[in-house]
Every structure is written in C-alpha cells, then in structure tokens.
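**Student:** any chance you could fold what I've pasted below:
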Amino acid sequence: MSVRVLEQPGGAGRPQRGEVLELRIESLAFGGEGVARLGEGGYVVFVADAVPGDRVRAVVHRRKRSYAHARTLELLEPSPQRIPALASHPGVPWQVLPYERQLEVKQDQVDDALRRIGRLDRFELQEIVPATQQWRYRNKLEYSFGQGEGERLVCGFHASAGGRGVQPLGDCLLASERGNLAREAVLRWCRGEGLSAWDRGAFPEAREQRTAAAADGRVRLRNLVVRESRHSGRLQIRIVTTAGELDAGSLARALSEELGEALCGVLWTRSRSLAETTAGGETELVWGEGELPERIGELDLRISAEAFFQTNTEMAEKLYGVVAEYAALQGWERVYDLCSGIGTIALMVAPRAGEVWGIELLEQAVADAIAGARRNEIANVHFYAGDIRFALPELLRRAGLPDLVVVDPPRAGLSKKVLRRLIEAAPKRIVYVSCNPTTLAPNAAELVAAGWALRRVRPVDMFPQTHHIECVALLERAGEGKAPG
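**Tutor:** Here you go, the predicted model:
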C-alpha cells in the first residue's frame with residue numbers, strides 16, 4: 001500500500017481509492033468530517049475522525065472528480081485543540097473537541113449555511129442553546145447486530161466512514177446506565193440461544209438468502225431499538241430480525257427478570273427489507289405495553305414503537321420553548337403544524353392559540369396525536385393524516401388561511417411542491433424547525449424570494465459530541481414585524 005505525503009499545495013494528481021495519504025486537517029465540514037486540501041487546485045479530501053490541526057494518515061474510500069472521502073488510520077500529530085476521548089464507539093466523533101469549541105463550530109456552520117447556500121443576510125443569529133447534559137442524553141438508540149472476532153455475536157454501532165462490520169460496545173455513554181443494562185441483557189440472551197446476525201455483506205442477487213430465516217429456520221438478528229422515558233425511567237425494547245422462528249416470550253421473561261418494573265414493553269419486528277433500517281416490517285407486542293409514557297413540560301405523551309420523537313427529551317423542551325417564543329401567540333391565531341408527528345408541538349402551542357391544525361403522513365402518529373389531545377384535555381387542536389402536497393389545499397378550504405405555520409420537516413427539508421403549498425397558504429409568520437441547516441438555507445431563500453423575511457435563527461444543541469445541529473428559524477411576511485438591528 002503506497003503512502004503519499006500531501007500536506008502542501010503542489011501534490012501530484014487526485015488520489016485513488018485505496019490510496020493512503022498523509023494530510024493536515026484545516027477545518028471541519030458540515031457533517032463532521034475534517035477538511036484537507038491537495039495540490040494547487042485545492043482538491044478537497046474529507047477525513048473522518050479528524051479535527052482541525054491534526055496530521056493524520058488516512059485511506060481514501062470514495063473518490064469523486066472534485067473531492068474524496070478518507071478514513072483516519074493513524075493520528076501522526078494531534079491538534080492542539082484535542083482532548084482525550086471518553087467513549088470507545090464511532091457515534092461521538094466530536095468528543096475530542098472541548099464542548100465550548102463544539103458549540104462555536106455549530107453556530108458558525110449555521111451562519112455559513114444560511115449565508116453561503118441561501119445567500120441570506122440581515123437576520124439575527126442568536127446564541128446557540130447549550131445542552132443540559134453532554135453525555136447519557138439520548139432517549140432512543142438503534143444498535144446493529146453483527147459477527148465479531150471468532151464469529152462471536154456482537155451488538156453495537158457500524159464502523160465509521162468506509163469501515164466494515166459492527167463495532168461492539170461496552171458502556172455506551174450516550175445511553176443511561178439502565179439502557180446499557182437492557183442492551184447487554186438482550187445480547188446475552190441472544191448469545192445463549194445461539195442466534196446469528198443478518199448478513200449485510202451478501203451480494204444483491206442473494207436477496208432471498210439475506211431476508212430469509214437461517215438454515216435452522218430461526219431468525220437472523222438485524223437491530224435492537226432501546227427507547228427510554230426520561231420522566232419515568234421505563235424502557236421499551238424492540239428487536240428487529242429477518243423472518244423465522246424466535247422464542248420472543250423467553251426474551252421478554254429474561255428482560256423482565258433483569259429490568260424489573262423499569263421494563264415497559266417488548267416488541268418484535270420481522271423485516272424483509274434489504275435497507276439498513278428499523279422502520280417497516282411486521283411488529284407485534286410480545287409483552288407489556290405497546291406505547292412508552294413520557295412527559296414534555298405539562299404534556300402527558302404516549303410514544304408508539306415507530307413514532308418520531310425528539311431523541312433528547314430535556315433539550316426538546318428547550319427547543320419547543322424557542323418555537324413558542326418565536327410563535328409569539330396571543331390567543332386568537334389559527335396555527336397550522338405541518339409534519340406534526342405525534343403532535344408534540346401542536347399540543348404545546350394550542351393553549352396559546354385560537355385553533356391548531358396538524359398534518360402528518362404517518363397514520364399511527366396521527367392516532368397518537370389525537371389520543372394525546374384527549375389525554376391532555378386539549379380541545380382546540382385537530383389532526384389529519386395525509387401528504388402535505390394534497391392535504392394542505394383541502395385544509396385551507398376547510399379551516400381558512402393560517403396566521404402562523406410551524407413546520408418540522410425531515411433532514412431533506414421541504415420539497416418544491418410543499419414550498420409552493422406553503423406559499424399559497426400565505427401565513428403572516430413561519431416557524432421552521434430544522435435538523436439540517438444546509439436544507440433550511442435553500443428553503444428559507446425561496447420563502448424570502450416569495451415575500452417573507454428571515455428574522456431570527458437560533459441553534460439548539462440536541463446532540464453533544466456529534467456534528468448534528470438543530471435550529472429554529474422565524475420568517476415573517478415583508479412588512480410584518482421589524483428587521484433586526
């Protein structure tokens with residue numbers, strides 16, 4: 001394996017896949033990778049597991065015309081910014097940066113996305129809201145099963161950036177101690193049963209082999225989902241497998257003995273999907289309750305197994321606090337909540353609004369939202385299942401134009417058609433909750449071009465030790481409110 005030292009401009013040619021390079025990291029890209037530049041043209045190499053100031057030896061695992069992706073093999077010279085790592089798994093790549101520096105980078109990346117991608121200015125970028133807990137903050141973790149050394153069954157996270165296999169875990173510092181006990185108990189039981197992991201590396205033509213049961217008729221293990229109520233400490237455990245036989249009752253009994261009253265429910269999902277996902281498939285309740293109880297502020301919630309819920313409960317309260325601040329409701333407004341999920345935002349703003357209407361694609365989430373409204377005795381909120389592209393025009397005819405729209409889209413942001421529907425709705429204000437500033441930026445730019453002004457943006461650090469950034473943006477129709485400064 002050849003090694004090229006390419007720290008300075010003038011290095012020859014673009015690197016090849018599999019080539020090992022010695023690189024100096026200049027900055028951090030959105031997405032968390034370090035950035036190094038090669039040659040007079042500044043060919044960019046994105047390097048996983050590296051931070052600004054590091055000199056590393058890295059192997060190229062993906063190559064494009066204008067950039068490449070590489071994985072750090074060896075840290076040759078650490079950055080002055082580096083601090084010792086606490087966790088030994090790939091889910092927390094920014095743990096080697098002081099937390100204050102993590103916050104600075106996230107704040108700068110939001111600003112950069114809005115200005116460089118969205119070509120936006122004259123907005124107020126407010127100070128990022130820091131996390132209340134830097135470790136053990138996640139209420140949901142999705143683990144993968146794999147075969148480790150000696151074909152021993154393991155349960156952990158996928159290796160980072162071009163690596164292969166599943167990296168086993170000891171103490172996962174993103175989970176609570178109780179959540180770790182649950183994962184260890186499931187793994188111990190599966191090993192005792194002699195179960196094997198799903199073969200993610202099989203060739204595409206081996207579809208039937210990949211999605212079918214093992215030779216002995218038993219399931220192959222795909223994933224483990226551990227969800228925890230931060231309010232009560234109770235746990236919901238869901239095991240995801242291929243088709244086949246599984247003594248799920250025995251698993252539930254083992255978990256009950258290990259976790260006692262902390263165990264809320266055990267579920268089993270059988271999936272035939274080739275994709276690496278825990279969604280879909282056939283899910284059955286094996287033991288206990290199918291919904292996990294949780295509280296956000298004064299709201300009493302119930303979370304179904306596949307329903308979306310912010311994975312940092314404590315910071316979700318702060319995030320929704322920013323939403324309420326930006327909404328600035330006075331008690332008479334008509335509010336639309338698009339991508340409403342299980343209705344958390346709608347239910348939180350309803351006491352301050354005249355009426356709230358939520359639209360969500362997933363029918364089970366809508367059912368959860370309706371049940372939540374009844375449970376919390378909130379009568380001025382209504383939820384509908386449907387695709388926003390088609391449901392929003394019908395809602396406009398039924399309910400009238402909204403004064404405020406709150407939208408919390410997936411990472412891909414709002415599609416062109418949904419943006420057109422939003423523009424047609426003509427709300428005075430839009431509160432946009434984003435988990436991806438690089439898709440918020442073009443969406444906000446289109447809304448600005450259509451007559452809104454971007455007033456304020458506030459990042460909220462939901463995911464310490466990682467590159468993920470959540471933020472809330474306020475847009476107002478031109479002439480409404482005052483521009484900052």
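
**Student:** what ranges do the strands span in the stretch 151-300 of the chain?
**Tutor:** 153-158, 166-168, 196-197, 220-228, 235-241, 263-270, 282-288, 291-296, 299-304 (DSSP state E, counting those that start in this stretch).

**Student:** so where's the longest strand in this protein?
**Tutor:** If you go by DSSP state E, the chain has its longest strand at strand 67-77.

**Student:** that one pairs with which strands?
**Tutor:** strand 43-48 (parallel), strand 55-63 (antiparallel) (DSSP bridges).

**Student:** re the thing from before, make TSV from the strands of the stretch 151-300 of the chain and add mean pLDDT and mean neighbour count to it.
**Tutor:** C-betas here are computed from N, CA, C, even on glycine. Shown next, in TSV, are the strands of the stretch 151-300 of the chain (pLDDT from 0 to 100; neighbours: other C-beta atoms under 10 Å):
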stretch	mean pLDDT	mean neighbour count
strand 153-158	91	20
strand 166-168	85	19
strand 196-197	92	20
strand 220-228	95	23
strand 235-241	96	25
strand 263-270	96	22
strand 282-288	94	16
strand 291-296	92	19
strand 299-304	90	19
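
**Student:** just to revisit the earlier point, next, format the strands paired with strand 67-77 as JSON lines and append distance to Val186.
**Tutor:** Output for the strands paired with strand 67-77, formatted as JSON lines (distance: least, C-beta to C-beta, whole Å):
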{"stretch": "strand 43-48", "distance to Val186": "29"}
{"stretch": "strand 55-63", "distance to Val186": "31"}
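
**Student:** pick the most buried one from those strands.
**Tutor:** Ranked by mean neighbour count, those are led by strand 43-48 with a mean of 21 (mean count of other C-beta atoms under 10 Å).

**Student:** following the least confident helix or strand in the chain by mean pLDDT, which helix or strand comes up?
**Tutor:** Ranking every helix and strand in the chain by mean pLDDT, DSSP states H and E puts strand 3-5 at the bottom, with a mean of 50. Using DSSP states H and E, the helix or strand that follows strand 3-5 towards the C-terminus is strand 20-24.

**Student:** any buried residues in that next one, and which?
**Tutor:** Within strand 20-24, the residues scored as buried using 16 or more other C-beta atoms under 10 Å are Val20, Leu21, Glu22, Leu23, Arg24.

**Student:** roughly how far apart are the last one and Gly146?
**Tutor:** Between Arg24 and Gly146 the distance is 34 Å, computed by C-beta to C-beta, to the nearest Å.

**Student:** swap in Lys64?
**Tutor:** For Lys64, the distance to Gly146 equals 29 Å [C-beta to C-beta].

**Student:** re earlier: got the contact list for the longest strand of the chain?
**Tutor:** 14-15, 20-23, 33, 43-50, 54-63, 160-163 (C-beta atoms under 8 Å, 6 or more residues apart in numbering).

**Student:** show residues contacting the following helix or strand past it.
**Tutor:** Downstream of strand 67-77, the first helix or strand assigned by DSSP H and E is helix 99-112. With contacts defined as C-beta under 8 Å, 6+ apart, helix 99-112 is touched by 28, 30, 81, 94, 97, 125, 127-128, 130, 134, 437, 457, 459, 461, 464-465, 467, 469, 471.

**Student:** out of these, which are buried?
**Tutor:** 28, 30, 94, 97, 125, 128, 130, 134, 437, 457, 459, 461, 464-465, 467, 469, 471.

**Student:** of those residues, which belong to strands?
**Tutor:** Counting by DSSP E, the buried ones among the contacts of helix 99-112 contribute Leu28, Leu125, Val457, Pro459, Cys471 to strands.

**Student:** would CSV of the residues you listed with distance to Leu195 be doable?
**Tutor:** CSV is the format used below for those (distance: C-beta to C-beta, whole Å):
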residue, distance to Leu195
Leu28, 40
Leu125, 50
Val457, 48
Pro459, 42
Cys471, 42
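
**Student:** and of those residues, the nearest to Gly358?
**Tutor:** Cys471 (21.5 Å; C-beta to C-beta).

**Student:** from Tyr432, how far out is the residue nearest to that closest one when sequence neighbours are not counted?
**Tutor:** Closest residue to Cys471 apart from its sequence neighbours, by C-beta to C-beta, 6 or more residues apart in numbering: Pro459 at 4.3 Å. Note on Pro459: its distance to Tyr432, by C-beta to C-beta, is 13 Å.

**Student:** what's the answer for Asn139, then?
**Tutor:** Separation of Asn139 from Tyr432 (C-beta to C-beta) stands at 24 Å.

**Student:** cool, and Glu40?
**Tutor:** 41 Å.

**Student:** out of these two, which sits in the busier spot?
**Tutor:** More crowded of Glu40 and Tyr432, by other C-beta atoms under 10 Å: Tyr432, with 26 against 9.

**Student:** now do that one, the pLDDT please.
**Tutor:** For Tyr432, the model assigns a pLDDT of 98.

**Student:** ok, it touching Leu475?
**Tutor:** Yes: using C-beta atoms under 8 Å, Tyr432 is in contact with Leu475, at 6.7 Å.

**Student:** any residues in contact with both of the two?
**Tutor:** Between them, Tyr432 and Leu475 share these contacting residues under C-beta under 8 Å, 6+ apart: Ala444.

**Student:** quick one on the thing from earlier: could you dump the strands paired with strand 67-77 into TSV with distance to Asp108 and mean pLDDT added?
**Tutor:** Output for the strands paired with strand 67-77, formatted as TSV (distance: least, C-beta to C-beta, whole Å; pLDDT from 0 to 100):
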stretch	distance to Asp108	mean pLDDT
strand 43-48	17	91
strand 55-63	22	92
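
**Student:** so which of these is nearest Asn443?
**Tutor:** Closest of those to Asn443 is strand 43-48, at 24.4 Å (criterion: C-beta to C-beta).

**Student:** what residues does that closest one touch?
**Tutor:** With contacts defined as C-beta under 8 Å, 6+ apart, strand 43-48 is touched by 14-15, 21, 23, 25, 29, 31-38, 56, 58, 60, 66-72, 93, 160-162.

**Student:** what's the longest helix in the protein?
**Tutor:** Taking DSSP state H as the criterion, the chain has its longest helix at helix 177-193.

**Student:** list the buried residues for that one?
**Tutor:** Applying 16+ other C-beta under 10 Å to helix 177-193 flags Gly179, Asn180, Leu181, Ala182, Arg183, Glu184, Ala185, Val186, Leu187, Trp189, Cys190, Glu193 as buried.

**Student:** make JSON lines out of the strands of the stretch 151-300 of the chain and add distance to Glu317.
**Tutor:** Shown next, in JSON lines, are the strands of the stretch 151-300 of the chain (distance: least, C-beta to C-beta, whole Å):
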{"stretch": "strand 153-158", "distance to Glu317": "27"}
{"stretch": "strand 166-168", "distance to Glu317": "32"}
{"stretch": "strand 196-197", "distance to Glu317": "37"}
{"stretch": "strand 220-228", "distance to Glu317": "16"}
{"stretch": "strand 235-241", "distance to Glu317": "20"}
{"stretch": "strand 263-270", "distance to Glu317": "21"}
{"stretch": "strand 282-288", "distance to Glu317": "26"}
{"stretch": "strand 291-296", "distance to Glu317": "6"}
{"stretch": "strand 299-304", "distance to Glu317": "10"}
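
**Student:** does Leu419 lie in a helix or a strand, and which?
**Tutor:** Element membership for Leu419, per DSSP H and E: helix 416-425.
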